[in-house]
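# I'd like to go over a predicted model; first the sequence, then the structure.
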Amino acid sequence: MALRNIVTEGDDTLRKVCRPVGEITDRIQVLIDDMIETMNEAQGVGIAAPQVGVLRRIFIVDIGDGPIVLINPEILEMSGEQEDMEGCLSVPGKAGNVKRANYVKIKGLDREGNEVIHEGTELLARAFQHEYDHLDGILYIDKADEVVDAEYYDEE
Ligand code: ZN
(Lines give C-alpha, C1' and ligand atoms only; values in the text may rest on other atoms or scores of the structure.)
Protein backbone atom coordinates (compact mmCIF):
# COMPACT_ATOMS: atom_id res chain seq x y z
CA MET A 1 0.00 0.00 0.00
CA ALA A 2 1.07 3.54 -0.56
CA LEU A 3 -0.08 7.00 0.31
CA ARG A 4 -1.37 9.04 -2.59
CA ASN A 5 -1.43 12.79 -2.94
CA ILE A 6 -4.76 14.36 -2.15
CA VAL A 7 -5.99 16.69 -4.88
CA THR A 8 -7.17 19.99 -3.48
CA GLU A 9 -9.87 22.44 -4.46
CA GLY A 10 -9.02 24.47 -7.54
CA ASP A 11 -7.82 21.38 -9.42
CA ASP A 12 -10.13 20.50 -12.35
CA THR A 13 -9.98 16.81 -11.42
CA LEU A 14 -12.42 17.47 -8.58
CA ARG A 15 -14.96 18.97 -10.98
CA LYS A 16 -15.25 16.08 -13.43
CA VAL A 17 -17.94 13.42 -13.57
CA CYS A 18 -16.24 10.10 -12.86
CA ARG A 19 -16.63 7.03 -15.06
CA PRO A 20 -18.05 3.74 -13.78
CA VAL A 21 -15.66 0.90 -13.02
CA GLY A 22 -15.89 -1.98 -15.47
CA GLU A 23 -13.80 -4.88 -14.31
CA ILE A 24 -12.41 -4.78 -10.78
CA THR A 25 -8.79 -5.34 -11.74
CA ASP A 26 -5.69 -5.68 -9.58
CA ARG A 27 -5.04 -2.03 -10.34
CA ILE A 28 -8.41 -1.10 -8.83
CA GLN A 29 -7.60 -3.22 -5.75
CA VAL A 30 -4.31 -1.35 -5.31
CA LEU A 31 -6.18 1.95 -5.74
CA ILE A 32 -8.66 0.93 -3.02
CA ASP A 33 -5.86 -0.07 -0.62
CA ASP A 34 -4.09 3.21 -1.27
CA MET A 35 -7.30 5.21 -0.79
CA ILE A 36 -7.90 3.53 2.59
CA GLU A 37 -4.34 4.23 3.69
CA THR A 38 -4.50 7.83 2.48
CA MET A 39 -7.87 8.40 4.21
CA ASN A 40 -6.59 6.93 7.49
CA GLU A 41 -3.37 8.91 7.38
CA ALA A 42 -5.35 12.12 6.84
CA GLN A 43 -7.84 11.07 9.54
CA GLY A 44 -10.75 11.45 7.16
CA VAL A 45 -14.10 9.67 7.43
CA GLY A 46 -14.30 9.25 3.69
CA ILE A 47 -12.42 9.55 0.43
CA ALA A 48 -13.44 9.41 -3.21
CA ALA A 49 -11.25 8.31 -6.13
CA PRO A 50 -11.12 11.77 -7.76
CA GLN A 51 -9.52 13.06 -4.55
CA VAL A 52 -6.47 10.98 -5.42
CA GLY A 53 -6.68 11.98 -9.08
CA VAL A 54 -8.54 8.93 -10.43
CA LEU A 55 -11.80 9.67 -12.25
CA ARG A 56 -13.58 6.45 -11.35
CA ARG A 57 -16.80 5.88 -9.41
CA ILE A 58 -15.30 4.52 -6.20
CA PHE A 59 -15.44 5.85 -2.67
CA ILE A 60 -14.70 4.71 0.83
CA VAL A 61 -16.44 5.76 4.02
CA ASP A 62 -15.23 4.95 7.52
CA ILE A 63 -16.96 6.59 10.45
CA GLY A 64 -15.07 4.40 12.90
CA ASP A 65 -16.61 0.99 12.19
CA GLY A 66 -14.17 -0.02 9.47
CA PRO A 67 -14.00 0.97 5.82
CA ILE A 68 -17.04 0.61 3.57
CA VAL A 69 -15.88 0.39 -0.04
CA LEU A 70 -18.47 1.24 -2.69
CA ILE A 71 -17.87 0.87 -6.41
CA ASN A 72 -20.37 2.33 -8.90
CA PRO A 73 -22.64 3.47 -6.06
CA GLU A 74 -26.25 4.43 -6.63
CA ILE A 75 -28.41 6.21 -4.06
CA LEU A 76 -31.72 4.37 -3.75
CA GLU A 77 -33.47 6.40 -1.06
CA MET A 78 -32.95 9.60 0.88
CA SER A 79 -35.21 11.06 3.53
CA GLY A 80 -35.35 13.46 6.42
CA GLU A 81 -33.01 16.34 6.97
CA GLN A 82 -29.94 17.10 9.04
CA GLU A 83 -27.69 20.10 9.20
CA ASP A 84 -24.13 20.06 10.49
CA MET A 85 -20.60 21.25 9.92
CA GLU A 86 -18.75 19.35 7.23
CA GLY A 87 -15.20 19.34 5.96
CA CYS A 88 -13.27 17.72 3.13
CA LEU A 89 -9.73 16.44 2.74
CA SER A 90 -9.63 18.35 -0.55
CA VAL A 91 -10.54 21.63 1.14
CA PRO A 92 -8.01 21.58 3.98
CA GLY A 93 -8.53 23.72 7.04
CA LYS A 94 -12.10 24.68 6.16
CA ALA A 95 -15.58 23.65 7.25
CA GLY A 96 -19.09 24.65 6.37
CA ASN A 97 -22.65 24.06 7.45
CA VAL A 98 -24.46 21.79 4.98
CA LYS A 99 -28.02 20.47 4.88
CA ARG A 100 -28.20 16.81 3.97
CA ALA A 101 -30.75 14.02 4.05
CA ASN A 102 -30.72 12.29 7.44
CA TYR A 103 -31.19 8.82 5.95
CA VAL A 104 -29.62 7.27 2.89
CA LYS A 105 -29.98 3.85 1.33
CA ILE A 106 -27.26 3.20 -1.19
CA LYS A 107 -26.20 0.28 -3.31
CA GLY A 108 -23.00 -0.53 -5.12
CA LEU A 109 -20.38 -3.19 -5.52
CA ASP A 110 -17.93 -4.17 -2.81
CA ARG A 111 -14.30 -4.80 -3.73
CA GLU A 112 -15.07 -8.43 -4.53
CA GLY A 113 -17.69 -7.30 -7.04
CA ASN A 114 -20.70 -8.36 -4.94
CA GLU A 115 -23.72 -6.09 -4.94
CA VAL A 116 -24.19 -4.62 -1.49
CA ILE A 117 -26.76 -2.28 0.05
CA HIS A 118 -25.97 0.02 2.96
CA GLU A 119 -28.26 2.18 5.02
CA GLY A 120 -27.08 5.05 7.15
CA THR A 121 -28.35 7.90 9.25
CA GLU A 122 -26.70 11.02 10.63
CA LEU A 123 -22.90 11.00 10.11
CA LEU A 124 -22.91 7.87 7.96
CA ALA A 125 -25.68 9.26 5.74
CA ARG A 126 -23.79 12.54 5.50
CA ALA A 127 -20.57 10.78 4.53
CA PHE A 128 -22.34 8.74 1.81
CA GLN A 129 -23.84 11.90 0.31
CA HIS A 130 -20.58 13.86 0.53
CA GLU A 131 -18.53 11.12 -1.14
CA TYR A 132 -21.19 10.41 -3.73
CA ASP A 133 -21.17 14.08 -4.71
CA HIS A 134 -17.41 13.87 -5.37
CA LEU A 135 -18.11 11.33 -8.13
CA ASP A 136 -20.19 13.97 -9.92
CA GLY A 137 -17.69 16.77 -9.42
CA ILE A 138 -19.63 18.37 -6.57
CA LEU A 139 -17.93 19.67 -3.42
CA TYR A 140 -19.61 20.44 -0.10
CA ILE A 141 -18.56 24.07 -0.49
CA ASP A 142 -21.08 24.29 -3.35
CA LYS A 143 -23.84 23.51 -0.86
CA ALA A 144 -22.61 25.15 2.34
CA ASP A 145 -24.16 28.38 3.62
CA GLU A 146 -20.68 29.66 4.31
CA VAL A 147 -17.20 28.16 4.58
CA VAL A 148 -15.12 29.01 7.64
CA ASP A 149 -11.78 28.07 9.20
CA ALA A 150 -12.07 24.57 10.57
CA GLU A 151 -9.86 24.51 13.63
CA TYR A 152 -12.58 22.89 15.70
CA TYR A 153 -13.98 20.43 13.24
CA ASP A 154 -12.82 17.05 12.01
CA GLU A 155 -12.27 16.83 8.30
CA GLU A 156 -14.18 14.43 6.17
ZN1 ZN B 1 -14.66 15.49 0.35
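The structure has been received and is ready for your questions. Numbering: from 1, shown residues only.

# Can you tell me the closest non-neighbouring residue to the residue positioned nearest the centre of the chain?
Note on the chain: the residue nearest the mean C-alpha position is Glu131, at 2.4 Å, using Cα atoms, centre = their mean. Take Glu131 and drop its neighbours on the chain: the residue closest to it by Cβ to Cβ, 6 or more residues apart in numbering is Phe59, 3.8 Å away. In this view, the C-beta of every residue, glycine as well, is placed from N, C-alpha and C.

# for stretch 95-114, how far is the first residue from the last?
The first and final residues of stretch 95-114 sit 35 Å from each other (Cα to Cα, to the nearest Å).

# Same question for it: list its buried residues.
When neighbours are counted by 16 or more other Cβ atoms under 10 Å, the buried residues of stretch 95-114 are found to be 95-96, 98, 100-106, 108-109, 111.

# Stretch 60-69 too?
Using 16+ other Cβ under 10 Å as the test for burial, stretch 60-69 gives 60-63, 67-69.

# Tell me how far the longest strand belonging to the chain lies from the chain's centre.
With residue count as the measure and DSSP state E as the assignment, the chain has strand 68-79 as its longest strand. With Cα atoms, centre = their mean, to the nearest Å as the basis, the distance from the averaged C-alpha position of strand 68-79 to the chain average is 11 Å.
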